[in-house]
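Undergrad: A predicted structure for the sequence below; I have some questions about it.
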Amino acid sequence: MILGITGGICTGKSVATDVIRAFGVRVIDCDEISHYLSGYVPEIIQQIRAALGSGVFQPAGALNRRAVADVILGDPRQRQRLEAILHPPIGRMVDANVAFARGASQDLVVSAPLLIEAGLQNRVDHLWVISSTHAHQLERLSARSGIDTTTAEKWIAAQMPMEQKEKLADTVLTNNGTLAEFRQLVAKEWCQLVEQV
């Protein structure tokens, strides 16, 4: 079973993947791959510097992710440039892991905030969209990132609308309650999914 997990910002994707990891399932987190590529692969770092400018880097050379967010939120063309740099190598990494999992008859989770936008949904057997109310997203994002409501609204608005993602899902998991309730829901849905295979 190759399960894709996506959803809006601060809806609970990381919690969902943590729950499934606890079952011993391998997880490919595309956010982690993106951070690795943009932080440790010189060729990618050079491409980002050429596309977005030196202003998105700290003086010591590390990528300033808050500065990147400000740039791509203010200019959709810059966002497209960044995605054109990162999505192909992320896709290759996903493909390699999916091929390995299928060859070994292993379960695998592919988690990505932009899984649909990057065209990765056709690599998975089943797609979960983690959803929550706009108010819950705002509250969690402001608390997690220490940003004001206006900035949080911009970050949410920059993503594909939740309703659109939900229409493409095989299963929608709603995360509007407690953390414990959501963890229980994820565990239950995962167990039901693997029993069906």
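TA: Ah, there it is. In this text the structure is predicted, and so the values were computed from the model without any measurement. Numbering: from 1, shown residues only.
Undergrad: Lowest mean pLDDT among the helices and strands, pick that one out for the chain.
TA: When each helix and strand of the chain is scored by mean pLDDT, DSSP states H and E, helix 149-157 comes last, with a mean of 84.
Undergrad: The helix or strand following that one - contacts with which helices or strands?
TA: Counting by DSSP states H and E, the next helix or strand C-terminal to helix 149-157 is helix 162-168. Other elements packing on helix 162-168 under the criterion 3 or more C-beta pairs under 8 Å, 6 or more residues apart in numbering; DSSP states H and E are strand 2-7, strand 126-131. (Glycine included, C-beta is placed from N, CA and C.)
Undergrad: Off-centre distance for helix 162-168?
TA: 15 Å (C-alpha atoms, centre = their mean, to the nearest Å).
Undergrad: what is the mean pLDDT for it?
TA: Rounded to a whole number, the mean pLDDT of helix 162-168 is 94.
Undergrad: Can you tell me the strand partners of the helix or strand following it and which way each runs?
TA: Using DSSP H and E, the helix or strand that follows helix 162-168 in sequence is strand 171-174. Strand 171-174 pairs in its sheet with strand 126-131 (parallel), by DSSP bridges.
Undergrad: angle of the partner strand against strand 2-7?
TA: 20 degrees (axes from the mean of the first three to the mean of the last three C-alpha atoms, to 10 degrees).
Undergrad: still on that earlier bit, check which residues of the least confident helix or strand of the chain are buried.
TA: Buried residues in helix 149-157, defined by neighbour count with 16 or more other C-beta atoms under 10 Å: 151-153, 155-156.
Undergrad: What is the nearest of the residues you listed to residue 89?
TA: residue 155 (23.9 Å; C-beta to C-beta).
Undergrad: helix/strand/coil for the residue nearest to that closest one when sequence neighbours are not counted?
TA: In this structure, residue 155 finds its nearest non-sequential neighbour in residue 9, 5.9 Å apart by C-beta to C-beta, 6 or more residues apart in numbering. Here residue 9 is coil, with the state taken from DSSP: H, G, I helix; E, B strand; the rest coil.
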